[in-house]
Each structure stands twice: as structure tokens, then as C-alpha cells.
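Engineer: Generate coordinates for the sequence data below:
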Amino acid sequence: MQGWAIWARAAAGAAALAMSGGASAQDAAIPRADGYAEIERLPDFTGVWNPDWSLLFGDSGRRPTEPKLTPPAQDKFNAFRAKQAEEGVDQSKQVECVPPGMPGIMRQPYPIEFLFTPGRVTIFAETYSQARRIYTDGRPLPSDPDLLFNGSSVARWDGDTLLVDTVGFSPVTEIAPGIPHSDKMTIRERIWLDTPDILRIETTITDPEVLAEPLVQQLAFRRQADWEIREYVCQENNRLVSAEGGANVDLGLDDEDDPFGPPPGE
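Structural biologist: As a prediction, this is how the structure comes out:
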């Protein structure tokens with residue numbers, strides 16, 4: 001009789017669990033952090049955004065603002081340009097598939113995508129399949145940050161504009177090709193919707209050891225509703241294929257050492 005009672009109680013419990021959609025009492029007791037309600041009130045950054053230079057300069061032929069360098073930094077840049085002209089090659093580290101990091105990752109001719117989650121905005125860049133994690137949970141900037149390609153970023157909303165501050169950059173990254181930064185570089189970004197399908201970013205780079213004055217640059221992106229971010233594996237095609245239309249970088253690999261094998265047609 002006692003065994004029957006135990007079985008009946010177990011059956012009743014199973015029926016109750018099934019009627020509740022499978023949620024246990026323990027699950028019901030765990031409060032769900034509902035930060036998503038706040039996200040619904042934020043500007044709509046969803047979708048894939050493609051850089052569009054025509055939104056900045058049209059047909060004027062204007063170019064992005066050039067940095068004004070301190071005398072020591074200018075001397076180093078002049079040496080870089082002289083070597084570049086003499087050797088006829090690109091001296092930037094991207095020829096070896098090293099990601100550009102900040103600020104270069106945001107200036108690539110490839111799309112980006114935003115993801116809003118409670119306490120964080122994540123920017124996915126198709127270039128090098130990179131992700132920037134920007135924390136909006138109220139934390140301060142780290143006083144002794146790890147040195148990362150994309151730095152450490154925190155942000156806050158000022159109305160419909162996202163204000164992002166970033167510090168702590170890998171010494172491998174550069175302000176621009178041939179212009180390395182110091183450990184004092186900081187970056188402030190203003191990100192906002194100009195229209196529902198036009199997103200703009202104003203980037204201010206400050207580095208008292210390299211820049212004679214803060215460098216302010218503009219970016220503009222157009223929403224592409226039917227696009228998806230694609231996989232980007234630099235090493236996969238980063239080799240000479242042919243004299244016409246092929247990659248312009250030879251990593252020095254013999255065919256037998258090349259993990260992707262010999263170029264097609266050879």
C-alpha cells in the first residue's frame with residue numbers, strides 16, 4: 001500500500017510538471033534578469049551595415065582626415081614611407097594576416113553587425129571575423145587594462161547616441177599604416193542613426209606622444225537588410241595565385257608546407 005502511495009505521488013508530480021511546460025519549482029524560483037525590456041527602447045541597430053564612403057564625401061574627391069603628427073612620430077612615418085617606396089611592398093602587418101585591431105577594424109571595406117544584450121553591445125566585423133565587446137553595465141574603464149587588439153571598451157547612452165570609450169591597445173596595432181600608437185592612446189566613438197538605414201560613427205583618437213592634436217574621423221554605413229556576415233579566414237587565400245587577379249602576398253610557403261595546398265591550376 002505504501003509503494004502504491006509513492007507511485008501515485010510521483011505520477012501526480014510528473015503530470016504537474018508536464019502541465020507547467022516542463023518548468024520545475026527550482027526553475028520558477030530563479031529570477032530572470034530582464035534587461036531585454038530596456039533593449040527594446042534603444043535605437044534599432046539591428047541588421048548588417050556596409051560602409052558607404054559616398055555618404056561622407058559624395059563625388060567631391062575628398063579623402064579622410066590625415067593625422068597631424070608630433071615631430072618624433074613624423075620622423076618615424078617618413079622613414080616608413082621611404083622604405084615602402086624603396087621596397088615597393090606594403091609594410092603593414094595585415095600582409096601576414098594580423099588583424100588591424102582598433103581603430104583600423106572599423107575602417108575596413110567590409111560590413112559590421114550589432115548585437116544588443118543586457119549590459120553589452122557587441123560589434124561583429126566581417127574582417128578577420130572579429131568581435132568587439134562594449135560593456136554598457138556601468139563599469140568604469142580599467143585602470144590597468146590588458147593590451148588587446150580591440151582594446152577594452154565601455155559605453156553609455158546619451159539619448160539615442162552610444163558613447164564608447166576604449167583604452168588598452170596591443171602594441172601591434174596602429175593608428176594608421178606606418179603610424180604606431182603609444183600606451184597613452186584613447187579612442188572615443190559616437191555612434192548614432194542619422195536615418196533608419198544610415199548609421200554614422202565619429203571617432204576621436206587621442207595620443208599625446210604621437211598626435212599633435214586629436215584625430216577626428218567620420219564613418220558612415222548603410223543598412224543591408226538581406227545581408228549576412230560571412231566567414232573571413234585571411235590565411236585561406238593569402239598567397240600568390242597568379243599574376244592577374246591573385247592575392248598580392250607571398251608568405252614564403254612551399255606548396256607542401258601550405259596548409260591549403262598549391263594554388264588552383266598549378
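Engineer: Restricting the selection to alpha carbons, write stretch 167-180 to CSV.
Structural biologist: In CSV, the C-alpha atoms belonging to stretch 167-180 read as follows (Å, rounded to 0.1, in the frame of the first residue of the first chain):
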residue,chain,number,x,y,z
VAL,A,167,41.7,52.0,-23.8
GLY,A,168,44.5,49.4,-23.6
PHE,A,169,45.7,48.5,-27.2
SER,A,170,48.1,45.9,-28.3
PRO,A,171,51.4,47.4,-29.4
VAL,A,172,51.0,45.5,-32.7
THR,A,173,48.1,47.8,-33.7
GLU,A,174,48.5,51.2,-35.4
ILE,A,175,46.6,54.5,-35.7
ALA,A,176,47.1,54.1,-39.4
PRO,A,177,49.6,52.1,-41.6
GLY,A,178,53.1,53.2,-40.6
ILE,A,179,51.8,55.2,-37.5
PRO,A,180,52.2,53.2,-34.3
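Engineer: what about Val216, is that helix, strand or coil?
Structural biologist: Using DSSP: H, G, I helix; E, B strand; the rest coil, the structure places Val216 in strand.
Engineer: ranges for the helices of the stretch 151-266 of the chain?
Structural biologist: Ranges of helices within the stretch 151-266 of the chain are 234-237, based on DSSP state H, counting those that start in this stretch.
Engineer: Give me the distance from stretch 198-213 to the chain's centre.
Structural biologist: 16 Å (CA atoms, centre = their mean, to the nearest Å).
Engineer: again, but for stretch 136-149
Structural biologist: So, by CA atoms, centre = their mean, the centroid of stretch 136-149 is 16 Å from its chain's centroid.
Engineer: Buried residues, it. List them.
Structural biologist: 136, 148-149 (16 or more other CB atoms under 10 Å). C-betas here are computed from N, CA, C, even on glycine.
Engineer: Mind listing residues that contact that stretch?
Structural biologist: Under the criterion CB atoms under 8 Å, 6 or more residues apart in numbering, residues 99-102, 105, 118-121, 130, 151-152, 154-157, 162, 165, 167-173 lie in contact with stretch 136-149.
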